[in-house]
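Trainee: structure, please.
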Amino acid sequence: MTSSRIHPTRSLALLSVAHAINHAQAVILPLIFLKIIIDYGVGVETIAFLAAISAVCAGLIQLSYAGLTRIVARRHLLGVGGILFGGGFVLQAFATSFATFAIPNIVSRVGGSPQHPVGNGLLSEQFPPERRGFAISAHIAGGNVGTVIIAVIGAPLILAVGWRGASIALGSPAIVVAILIL
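Mentor: Numbers count the residues shown, from 1 in each chain. Model prediction:
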């Protein structure tokens, strides 16, 4: 039996960690793309189209959240999104062709799309007006921490475990955090 009691500090911690992972994946993805160009023999323009398609898909989905949050709990949107986000990143590690890499990559980007609009909305709901600025700032700072950490360890991680291992190493924690959010 789960408690329906609101835990703003727990929500903030989970969302900040999820945001850090989201940004870490965004920073390491260009390094993975460099490996994909070599492994699958695709051109830079193919990678550019993949990045554009995934950004458009994620952006279009973000447009739906204002309406969706009226009928689906923010926690569920964030949890399911996080599972798709992490799961897609893990699944791309098992790709055998560019197509089998691209599809989970797009799913991952779409899954990460609720992080900003829905995450900030959840924090705004759970924190009193005088603490909302702190909560949203801490959430944003979580993303920045992920950016900085992966900028330092991303290339060595890929060198140590390959792009596939790096995908699993970054996708798996996203799934765990998403389950905890749910």
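Trainee: CA atoms for contacts and neighbours, from now on please.
Mentor: Fine.
Trainee: can you map out the helices along the chain?
Mentor: Here the chain has its helices, by DSSP state H, at 8-40, 44-68, 74-92, 98-111, 115-126, 129-181.
Trainee: buried ones in the first one?
Mentor: For helix 8-40, burial by neighbour count (16 or more other C-alpha atoms under 10 Å) applies to 8, 11-25, 27-29, 32-33, 35-37.
Trainee: picking up where we left off before, from the helices of the chain, which stretch is densest packed?
Mentor: helix 74-92 (a mean of 25; mean count of other C-alpha atoms under 10 Å).
Trainee: who touches it?
Mentor: With C-alpha atoms under 8 Å, 6 or more residues apart in numbering as the contact definition, helix 74-92 has outside contacts at 18, 69, 100-115, 118-119, 121-122, 164, 167-168, 170-175, 177-182.
Trainee: do stretch 24-43 as well
Mentor: With contacts defined as C-alpha under 8 Å, 6+ apart, stretch 24-43 is touched by 44, 47, 97-98, 143, 146-147, 149-151, 154-155, 163, 170.
Trainee: can I get it in PDB, CA atoms only?
Mentor: The C-alpha trace of stretch 24-43 is given here as PDB (Å, rounded to 0.1, in the frame of the first residue of the first chain):
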ATOM      1  CA  ALA A  24      24.200  14.000 -18.800                       C
ATOM      2  CA  GLN A  25      22.700  12.000 -21.600                       C
ATOM      3  CA  ALA A  26      22.300  15.100 -23.800                       C
ATOM      4  CA  VAL A  27      26.000  15.900 -23.300                       C
ATOM      5  CA  ILE A  28      27.300  12.400 -24.000                       C
ATOM      6  CA  LEU A  29      25.100  11.800 -27.000                       C
ATOM      7  CA  PRO A  30      27.200  13.800 -29.400                       C
ATOM      8  CA  LEU A  31      30.200  11.600 -28.400                       C
ATOM      9  CA  ILE A  32      28.100   8.500 -29.000                       C
ATOM     10  CA  PHE A  33      27.100   9.900 -32.400                       C
ATOM     11  CA  LEU A  34      30.700  10.100 -33.400                       C
ATOM     12  CA  LYS A  35      31.000   6.400 -32.700                       C
ATOM     13  CA  ILE A  36      27.700   5.700 -34.500                       C
ATOM     14  CA  ILE A  37      29.100   7.400 -37.600                       C
ATOM     15  CA  ILE A  38      32.000   5.000 -37.600                       C
ATOM     16  CA  ASP A  39      30.200   1.800 -36.500                       C
ATOM     17  CA  TYR A  40      27.300   2.100 -38.900                       C
ATOM     18  CA  GLY A  41      29.000   4.000 -41.700                       C
ATOM     19  CA  VAL A  42      26.500   6.900 -41.800                       C
ATOM     20  CA  GLY A  43      27.300  10.400 -42.600                       C
END
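Trainee: burial count for Arg70?
Mentor: For Arg70, the neighbour count with other C-alpha atoms under 10 Å is 9.
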